[in-house]
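Asks: Sequence and predicted structure, then a few things I'm wondering about:
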Amino acid sequence: MLLKRNTADDHLQLTDPDRNDPDRNDQGRPLMADDLGLGYAEALPPQTYEDFRARLTPEQYRIARGEGTERPYTPGNFHDEHRRGSYHCAACEAQLWSSANKFDSGTGWPSFYQPVEEEAVATKIDFKLVLPRTEVHCATCKSHMGHVFRDGPAPTGLRYCINGAVLQFRPAQ
């Protein structure tokens, strides 16, 4: 398994040189972490892949199911959202974050110091960039959200750095 730069959109992409088409899975879909057993998707029934494809934009699917990352400061990614409200998983609509726990980390991604409930998110260690990082997933549907780091503000000292493309914002009433 290799990572290569996709020149069309300048993102890193998984590739498998042992396949006839190293950028496609057996069904002809772009090769994603789901196909390689790198994520949580092995727990999902096969029809769920198509459900996710129907529900998400191609960019959301690449991030949520392919464990991708959007560029920092992407317009509309909620890094500069200051209204009160809640942030939900774009794939399953589970509430994951509250604006009360959001802060400006200066990274260009929406950042939170804690989820709305501990059980709302799941984590795992990833070694994609050589050094280990803690990956954050929606606990309900296992979609990739981003990463958590130990350089956040009080009271937790954590910084959940989240891809805004996989969030839905719901303003407080």
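Replies: Nice, thanks for sending it over. Numbers count the residues shown, from 1 in each chain.

Asks: now stretch 142-152, how far from the centre of its chain.
Replies: 8 Å (C-alpha atoms, centre = their mean, to the nearest Å).

Asks: Okay, buried residues for that stretch please.
Replies: K142, S143, H144, M145, G146, H147, V148, F149, G152 (16 or more other C-beta atoms under 10 Å). For the C-beta atoms, the positions are set from N, CA and C on the backbone; glycine is no exception.

Asks: So the first one sits against A122, correct?
Replies: By that I understand K142. Yes - at 7.2 Å, K142 counts as touching A122 under the criterion of C-beta atoms under 8 Å.

Asks: so what's I162 up against?
Replies: By C-beta atoms under 8 Å, 6 or more residues apart in numbering, the residues touching I162 are Y87, W97, W109, P110, S111, F112, V136, M145, G146.

Asks: Spatially, and excluding backbone neighbours, which residue is closest to it.
Replies: G146 (4.1 Å; C-beta to C-beta, 6 or more residues apart in numbering).

Asks: Distance check, the one you found against H88.
Replies: 15 Å (C-beta to C-beta, to the nearest Å).

Asks: The residue nearest the centre of the chain sits in which helix or strand?
Replies: Residue closest to the mean C-alpha point of the chain, counted by C-alpha atoms, centre = their mean, is M145 at 2.7 Å. If you go by DSSP states H and E, M145 is part of strand 144-149.

Asks: contact partners of that strand?
Replies: 33, 39, 63-69, 89, 96, 109, 121, 123, 126, 133-138, 158-163, 166-167.

Asks: The helix or strand harbouring F127 pairs with which strands, and in what direction?
Replies: Assessed by DSSP H and E, F127 sits inside strand 121-129. Sheet pairing of strand 121-129 (DSSP bridges) gives strand 131-138 (antiparallel).

Asks: what separates the longest helix seen in the chain from the chain centre, distance-wise?
Replies: Using DSSP state H, we find that the single longest helix of the chain is helix 47-55. Mean C-alpha position of helix 47-55 versus that of the full chain (C-alpha atoms, centre = their mean) differs by 16 Å.

Asks: Could you give the bridge partners of E135?
Replies: Counting by DSSP bridges, the residues bridging with E135 are K124, H147.

Asks: Would you mind measuring from it to G164?
Replies: To G164, E135 is 17 Å away according to C-beta to C-beta.

Asks: Those two: which is more packed in?
Replies: G164 (26 against 19; other C-beta atoms under 10 Å).

Asks: I figured that one was touching R71, is that so?
Replies: No - when contacts are counted by C-beta under 8 Å, G164 is not listed as touching R71 (10.5 Å).

Asks: quick one: T107 and C161, what's the gap?
Replies: Remark: distance between T107 and C161 (C-beta to C-beta) = 6 Å.

Asks: Good, wrapping up.
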